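Chemist: Below is the sequence, then the predicted model.
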Amino acid sequence: MKRLLTAAFAVISMTASAGAADIPIKFTLDWKIQGVHSWFYLAKEKGYFAAEGLDVTIDQGEGSAATVTRIMSGAYDAGFGDMNAIIQNAATNPDEAPVMVYQIYNQPPFAVLTKAGGKVESLSGLEGLKVGGPAGSASTKLFPALAEAAGFDAAKVEIINVAPNLQEQMLIQDQVDASLVFNVTSYLNILGQNMDPDEDFKWFPYGEAGLDIYSNGVMVSPKLLNDHPDAVKGLVSAIAKAMADVIANPAEGIDIIVKTEPLSNGALEMKRMEFALNNLIYSDETKANGIGTVDPERLTRSIAVIQKLYDLPNAPEASAVFDDAFLPATQ
């Protein structure tokens, strides 16, 4: 955790920005309250949003892509959601698409999950096998792009539509040979079944296989961006400050999650948060450049992947989907 703390503080200014005054912001999560949302709730609990002149209301979400839809509908001003959904909408509806202002998941959370000692020794070994994936999920949608990046034929893989809550069970029961998962969720689901996700399973992360895309971060509506840029800066500053607090003292983050959602399992949410920090948030890129920013060249490559995969009419410029103007100053 020490190196995470160093990386986080490299991009965080502890000085509150001025100019935002009592501005209400409706903020949507990507899913139900989890350990990976602790910094949002901590920023509210510790008064970091209030110190920036912001009145932030946080609601649970319905999926990473749904965050974009909620913001575009006008129901929310900001949220935690998927960069790739922004890219899709920026290509087709550029005036209404949200803009990412603080990239939290530097690495994609998508993975192929198999049983240790099973049929799959490499991704090319998926050819001729049955693979479970929820219809419409990002992990399933991105599978052809993964195959191209990893050098195997996706057409030779039989994709079985499975319910998200049955993915791990079907794999354990050998109803499928592999599952296309959101790793930070599956990791905890496996622990919940009293199995060891590291010893009993093999993980093939999409990012390590060459699918070089970004994922979830903090996005805002064009209206908030244009009408209240100081509020956007304050929002990012408060979240970054709270992230530093959680990295320095993870128990503080889990405490606020359990306080907010008493049915949460604090021990499991701690494991979820630690998994996300070490596998999704912290990377060579964040070590070099800090948490929250992106590499423009990598983002441009990511946009090209998404354009091809979804047959988008154009490739948005990197500056149209990510704005680094609101990042905290480095120390």
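Modeler: Nice, thanks for sending it over. Numbering: from 1, shown residues only.
Chemist: wait, doesn't residue 326 sit right on residue 238?
Modeler: No: with contact defined as CB atoms under 8 Å, residue 326 does not count as touching residue 238 (11.4 Å). (Glycine included, C-beta is placed from N, CA and C.)
Chemist: out of those two, which sits in the busier spot?
Modeler: For residue 326 and residue 238, the more surrounded residue by other CB atoms under 10 Å is residue 238, and the numbers stand at 27 against 23.
Chemist: Okay, now the unreliable bits of this protein?
Modeler: Within the chain, the ranges that satisfy pLDDT under 70 run 1-21, 330-331.
Chemist: Skip the chain neighbours and tell me the closest residue to residue 269.
Modeler: residue 35 (3.5 Å; CB to CB, 6 or more residues apart in numbering).
Chemist: ok, that neighbour - contacts?
Modeler: 253-254, 257, 269-273, 276 (CB atoms under 8 Å, 6 or more residues apart in numbering).
Chemist: what's the distance between it and residue 29?
Modeler: Counting by CB to CB, to the nearest Å, the gap from residue 35 to residue 29 is 12 Å.
Chemist: And for residue 252?
Modeler: For residue 252 relative to residue 29 (CB to CB), the value is 19 Å.
Chemist: just residue 148 next, same as before
Modeler: 32 Å.
Chemist: Between residue 252 and residue 29, point out the one with more neighbours.
Modeler: A side-by-side neighbour count of residue 252 and residue 29, using other CB under 10 Å, places residue 29 first with 22 against 15.
Chemist: ok now do the more buried one, which residues does it touch?
Modeler: For residue 29, the contact set (CB under 8 Å, 6+ apart) comprises 37, 40, 58-61, 67, 79-80.
Chemist: Go through those residues and say which is closest to residue 196.
Modeler: Nearest to residue 196 out of these is residue 37 (CB to CB; 25.4 Å).
Chemist: for the stretch 201-331 of the chain, what spans make up the strands?
Modeler: Using DSSP state E, counting those that start in this stretch, the strands of the stretch 201-331 of the chain run over residues 201-205, 216-220.
Chemist: Would you format the ones you listed as TSV with distance to residue 130 and mean neighbour count included?
Modeler: Below are the strands of the stretch 201-331 of the chain laid out as TSV (distance: least, CB to CB, whole Å; neighbours: other CB atoms under 10 Å):
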stretch	distance to residue 130	mean neighbour count
strand 201-205	16	19
strand 216-220	29	27
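Chemist: Pop the domain breakdown of this structure in here.
Modeler: Using automatic domain parsing, the domain parsing of the chain gives 2-107+214-326, 110-205.
Chemist: Confirm residue 94 sits in a helix?
Modeler: No: using DSSP: H, G, I helix; E, B strand; the rest coil, the assignment for residue 94 is coil, not a helix.
Chemist: hmm, back to that, among the domains of the chain, show me which one is buried the most.
Modeler: domain 2-107+214-326 (a mean of 20; mean count of other CB atoms under 10 Å).
Chemist: From the chain's centroid, how far away is that one?
Modeler: Computed by CA atoms, centre = their mean, to the nearest Å, the chain-centroid distance of domain 2-107+214-326 equals 8 Å.
Chemist: swap in stretch 173-186?
Modeler: 18 Å.
Chemist: So what touches that stretch?
Modeler: 36, 109-114, 118-120, 126, 129-134, 137-140, 143, 159-160, 162, 167-168, 170-171, 197, 203, 205, 272, 275-276, 279-280.
Chemist: Strands - which of these land there?
Modeler: Among the contacts of stretch 173-186, the ones falling in strands (DSSP state E) are 110-114, 130-133, 159-160, 203, 205.
Chemist: Adding distance to residue 247 as columns, could you present the residues you listed in a markdown table?
Modeler: Listed next are those as a markdown table, based on distance: CB to CB, whole Å:
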| residue | distance to residue 247 |
| --- | --- |
| 110 | 24 |
| 111 | 23 |
| 112 | 29 |
| 113 | 27 |
| 114 | 31 |
| 130 | 40 |
| 131 | 35 |
| 132 | 34 |
| 133 | 33 |
| 159 | 38 |
| 160 | 39 |
| 203 | 23 |
| 205 | 22 |
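Chemist: and of the residues you listed, the nearest to residue 263?
Modeler: Among these, residue 113 lies closest to residue 263 (CB to CB), at 26.0 Å.
Chemist: hang on, that closest one packs against residue 170?
Modeler: No: proximity of residue 113 to residue 170 does not meet the contact threshold set by CB under 8 Å, at 10.8 Å.
Chemist: tilt between the lengthiest helix in the chain and strand 216-220?
Modeler: With secondary structure taken from DSSP state H, the chain has its longest helix at helix 229-248. Angle of helix 229-248 versus strand 216-220, following axes from the mean of the first three to the mean of the last three CA atoms, to 10 degrees, is 160 degrees.
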